[in-house]
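1. Following is a predicted model, sequence given first.
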Amino acid sequence: MDSFEKLKILLIDPEEKDFLALRALLAESGLERANLDWAGSYESGLVALSDPGYDACLPDYALGKRTGLDLLSEASKKGSQAALILLWPYDGAGSCEQSLAAGAADCLLKGELSAGALRRSIRCAVERKRSELELEKYRENLADLVKLRTAEL
């Protein structure tokens, strides 16, 4: 079984129609077995992200008084392990650069979203996040081994 078949994905978007559209795109992309949850606000999205089981999170840029960029920053501070892919409603100047600088694994334009682009973005972002988490475990293990070895000397 492909490790990407059973992904747990969170969409944070105030529009239910966007949730339904994303669910349809996931099915079209071959990720129909992925579990897609929906949070309709910044606050509920941040609470949902406290669940360490999410593989990916797709926050919309426009989340009421706060933005998806704010959410990226706050989720990172709270230790979210989900790969974050920011959804922009338009191609603003520097939108992807802002997203990546804020900690996003990728950014997608909602108006140009296709099944193929969604699949590629999720797979790449999740794989990169899994690799980062694995590397962090190795670093922690190495640090522990160095401390142990130093104490022995």
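-> Sure, I can see it. Numbering: from 1, shown residues only.
2. distance between stretch 124-138 and the chain's centre?
-> 12 Å (Cα atoms, centre = their mean, to the nearest Å).
3. Now do the same for that stretch: mean pLDDT, whole number.
-> When pLDDT is averaged along stretch 124-138, the result is 87.
4. Return the set of buried residues in that stretch.
-> 125-126, 129 (16 or more other Cβ atoms under 10 Å). Yep, even glycine has a C-beta here, placed from its N, CA and C like the rest.
5. Same check on stretch 102-121?
-> So for stretch 102-121, counting by 16+ other Cβ under 10 Å, buried means 102-108, 110, 113, 118-119, 121.
6. if we can go back for a sec, out of the buried residues of stretch 124-138, name the ones that lie in strands.
-> Among the buried residues of stretch 124-138, none falls in strands (DSSP state E).
7. Dump those residues into TSV; add distance to R23 as well.
-> Listed next are those as TSV, based on distance: Cβ to Cβ, whole Å:
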residue	distance to R23
A125	18
V126	18
K129	22
